[in-house]
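S.K.: need a structure here:
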Amino acid sequence: MATRRRSRPRARPSVARPSVLLAAFVCAACGLVYELELVALGSHLIGDSVTQTSVVLSVMVFAMGLGSLLAKRFTRRPATAFALVECALALVGGLSVLTLYACWAWLGGYQAALVGLTGVIGVLIGAEIPLLMTLIQRIRREDAGRAVADLFAADYVGALVGGLAFPFLILPAFGQATGALVTGAVNAVAGAGVVLWLFRDEPAPRLRVLLWAACGLVLVALGAAAAFSGAIERAARHALYGAQIRFAAQSRYQEIVLTGPDDGAATDARQPLRLFLDGRGTVCGPDQYRADEALVHPAMAGPDARVLLLGGGDGLALREVLRHSGVRSVRLVELDPALTALARSDPALAALGGHSLDDPRVRITHADALEWLRERAAGRPGGPDDGPFDVVISGLPAPPEAGTGTFQSEEFFGLARRVLAPGGRIAVRAGAAGSGLWPVEAGLRAAALQTLPYGLPAGPATVCGPARPQSFVLAAAARPRPALADDAPPPRALTAEGLRDSADRLAAARPAHYPAALTLLGPR
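M.R.: Residues are numbered from 1 along each chain as shown. Below you'll find the model as predicted:
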């Protein structure tokens with residue numbers, strides 16, 4: 001009986017019960033933020049959002065069940081156990097983003113670290129509900145069903161608030177690393193602090209001092225990590241990219257890193273300008289022209305007054321489009337405004353792109369390409385440069401770079417076809433030459449388009465590394481011909497003869513049984 005008296009709160013039930021429910025609300029919000037941080041960082045670093053989400057959710061739910069079972073052993077002293085759980089959760093969850101980023105940059109063991117941290121966080125979150133339920137019953141004995149209903153209502157509403165706060169408040173205001181640290185501090189104060197204050201008679205005096213000290217140490221550790229998070233990120237980036245970093249930022253959509261000399265040189269043979277998006281190299285000074293020329297110039301053989309460019313916020317593919325004299329207007333649809341801002345403001349990257357983003361013929365829209373096409377196809381009003389288009393060029397990443405096949409799906413190509421002018425053409429990146437080409441061609445054919453696959457052969461190795469072969473698909477209502485426009489600039493990577501040869505070679509290699517076209521719901 002003495003133990004039970006010590007477990008009762010010092011405050012009146014009318015104050016203690018709402019306080020415990022408030023702690024449940026805040027802890028649920030923090031727990032969901034940790035979960036979303038892990039999913040978002042996994043998607044940024046690896047790119048396969050479906051896999052990362054599935055791994056995090058499945059491991060998290062399993063670990064939560066395990067944590068609930070383990071919590072049964074500690075319900076005799078629920079306040080003490082809950083305080084320890086929240087201190088541990090605040091520390092592990094708060095440091096999770098920096099830990100995973102460091103593992104990715106230095107150790108290369110990101111997947112194992114992701115599963116391990118997800119499991120630990122899930123166990124700690126799972127232990128909360130049984131302990132909170134015990135605390136509520138210690139405040140005032142009541143029907144178990146009513147207590148469970150109130151507790152789960154606070155938990156679910158807290159999860160809702162945390163889920164909405166993550167993309168709209170935490171990420172814009174703090175970013176991923178600092179956002180996780182701030183969430184951990186809130187978790188420690190609202191979780192451990194509130195319960196220790198309410199049930200301060202449960203632990204013995206010496207243990208009570210140790211618990212408060214543990215909460216204080218967790219806050220100090222999170223504060224120190226916040227103070228040094230910038231230095232940690234910079235050290236990790238230098239270890240990862242191994243070059244002078246001139247710009248690094250985490251936008252809402254991706255991590256953007258630009259490396260190279262500060263003197264404005266874009267094609268320095270020893271240390272070229274490089275652009276990395278979520279760790280994936282997309283631009284390297286000496287080799288930057290190869291893929292962009294091969295994507296753009298075959299599509300411009302015909303009417304080209306109005307052009308739609310999907311992706312390509314770095315301005316490099318746009319530069320190739322504007323080199324054709326017949327172009328009158330270009331609509332560029334790029335998701336990330338931070339990328340176009342960098343391509344305009346950085347002297348070397350702007351020079352590499354020929355300052356194409358500042359050309360008066362260009363109109364820029366920051367939007368998801370699929371959603372923008374859907375709105376245009378649905379007849380929603382747009383500007384005078386919103387179609388129909390003579391040429392549609394998709395500079396969006398192809399799987400496995402993109403992680404999913406959204407921008408190579410039948411639905412995507414069907415929407416792109418609807419904004420084409422009569423006789424218009426669509427050019428699509430199909431990724432590295434190989435089996436990935438044929439599902440892309442199958443999707444274009446499923447959208448009632450005739451196709452011409454062609455390839456860019458491997459180039460000589462440079463400071464940027466070996467130039468891998470790449471493949472593309474040109475599509476139109478009538479079968480397009482393998483040719484370059486009369487006003488095309490002198491070819492460097494892909495000549496007219498090379499275009500015809502690669503088209504003939506790929507036509508001969510086309511499989512007898514086509515792979516299934518990609519759709520937004522998966523292969524057919």
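S.K.: quick one: pLDDT of Gly395?
M.R.: As summarised for this prediction, Gly395 has a pLDDT of 87.
S.K.: and what of the one 4 residues further on?
M.R.: The model reports Pro399 with a pLDDT of 62.
S.K.: ok, now the one 5 residues further on?
M.R.: Looking at Thr404, its pLDDT stands at 62.
S.K.: Only the buried residues of stretch 349-367, if you could.
M.R.: Neighbour counts using 16 or more other Cβ atoms under 10 Å place 349-350, 352-354, 356-357, 362, 364, 366 of stretch 349-367 among the buried residues. In this view, the C-beta of every residue, glycine as well, is placed from N, C-alpha and C.
S.K.: Just the residues you listed: which are in helices?
M.R.: Using DSSP state H to define helices, the subset of the buried residues of stretch 349-367 located there is 349-350, 352.
S.K.: Val330: which of these is nearest?
M.R.: Nearest to Val330 among those is Ala350, at 16.8 Å by Cβ to Cβ.
S.K.: Would you mark the buried spots in the lengthiest helix in the chain?
M.R.: If each helix of the chain is counted by residues according to DSSP H, the longest one is helix 205-241. Counting neighbours by 16+ other Cβ under 10 Å, one finds that the buried residues in helix 205-241 are 208, 211-212, 214-215, 218-219, 221-222, 225-226, 229, 232-233, 236-237, 240-241.
S.K.: what do you get for stretch 363-380?
M.R.: For stretch 363-380, a neighbour-count test (16+ other Cβ under 10 Å) marks 364, 366, 369-370, 372-373, 376 as buried.
S.K.: okay, those in a markdown table with distance to Val392 next?
M.R.: As requested, the buried residues of stretch 363-380 are exported to a markdown table (distance: Cβ to Cβ, whole Å):
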| residue | distance to Val392 |
| --- | --- |
| Ile364 | 16 |
| His366 | 18 |
| Ala369 | 10 |
| Leu370 | 13 |
| Trp372 | 12 |
| Leu373 | 9 |
| Arg376 | 11 |
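S.K.: Pipe those residues into TSV and attach distance to Gly465, pLDDT and secondary structure per row.
M.R.: TSV is the format used below for the buried residues of stretch 363-380 (distance: Cβ to Cβ, whole Å; pLDDT from 0 to 100; DSSP: H, G, I helix; E, B strand; the rest coil):
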residue	distance to Gly465	pLDDT	secondary structure
Ile364	31	95	strand
His366	31	95	strand
Ala369	28	94	helix
Leu370	31	93	helix
Trp372	34	94	helix
Leu373	34	93	helix
Arg376	38	86	helix
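S.K.: Report all helices and strands that the top strand by length along the chain contacts.
M.R.: The longest strand of the chain (DSSP state E) is strand 420-432. Contacting strand 420-432 under the criterion 3 or more Cβ pairs under 8 Å, 6 or more residues apart in numbering; DSSP states H and E are the following elements: helix 289-296, strand 389-394, helix 410-418, helix 437-446, strand 470-476.
S.K.: how about 6 Å then?
M.R.: Here strand 420-432 is seen to pack against strand 389-394, strand 470-476 when contacts are counted using 3 or more Cβ pairs under 6 Å, 6 or more residues apart in numbering; DSSP states H and E.
S.K.: Run me through the strand neighbours of the first one, direction for each.
M.R.: Listed by DSSP bridges, the sheet partners of strand 389-394 and their directions read strand 306-310 (parallel), strand 420-432 (parallel).
S.K.: So Leu273 versus Cys464, what's the distance?
M.R.: Per Cβ to Cβ, to the nearest Å, Leu273 is found 10 Å from Cys464.
S.K.: So for these two, which residue has more residues nearby?
M.R.: Neighbour totals were compared for Leu273 and Cys464, and Leu273 leads with 25 against 17 (other Cβ atoms under 10 Å).
S.K.: Quick check, the more buried one in contact with Ala350.
M.R.: No: counting by Cβ atoms under 6 Å, no contact exists between Leu273 and Ala350, whose distance comes to 10.8 Å.
S.K.: what's the neighbour count on Ala446?
M.R.: By the criterion of other Cβ under 10 Å, Ala446 has 19 neighbours.
S.K.: Please list all residues in contact with it.
M.R.: 410, 517 (Cβ atoms under 6 Å, 6 or more residues apart in numbering).
S.K.: Find me the pLDDT at it, would you?
M.R.: Taken from the predicted model, the pLDDT recorded for Ala446 is 92.
S.K.: before we move on, what about the one 5 residues further on?
M.R.: According to the model's per-residue confidence, Thr451 sits at a pLDDT of 95.
S.K.: Equivalent analysis for the one 4 residues further on, please.
M.R.: Model confidence at Gly455, expressed as pLDDT, equals 91.
S.K.: same deal with Ala154?
M.R.: 94.
S.K.: For Leu217, give its distance to Leu198.
M.R.: Counting by Cβ to Cβ, the gap from Leu217 to Leu198 is 21 Å.
S.K.: same check, this time on Pro397
M.R.: Taking Cβ to Cβ as the measure, Pro397 and Leu198 are separated by 52 Å.
S.K.: number of nearby residues for the closest residue to Pro303 other than its chain neighbours?
M.R.: By the measure of Cβ to Cβ, 6 or more residues apart in numbering, the closest residue to Pro303 outside its immediate chain neighbours is Asp390, 4.4 Å from it. Counted with other Cβ under 10 Å, residues neighbouring Asp390 total 23.
S.K.: Then Val123?
M.R.: What Val123 shows, counting by other Cβ under 10 Å, is a neighbour count of 24.
S.K.: List the contacts of it.
M.R.: Val123 is in contact with 63, 66-67, counting by Cβ under 6 Å, 6+ apart.
S.K.: if I've got this straight, it is in a helix?
M.R.: Yes: in this structure, Val123 lies within a helix as judged by DSSP: H, G, I helix; E, B strand; the rest coil.
S.K.: Please name the nearest non-neighbouring residue to it.
M.R.: Gly67 (3.8 Å).
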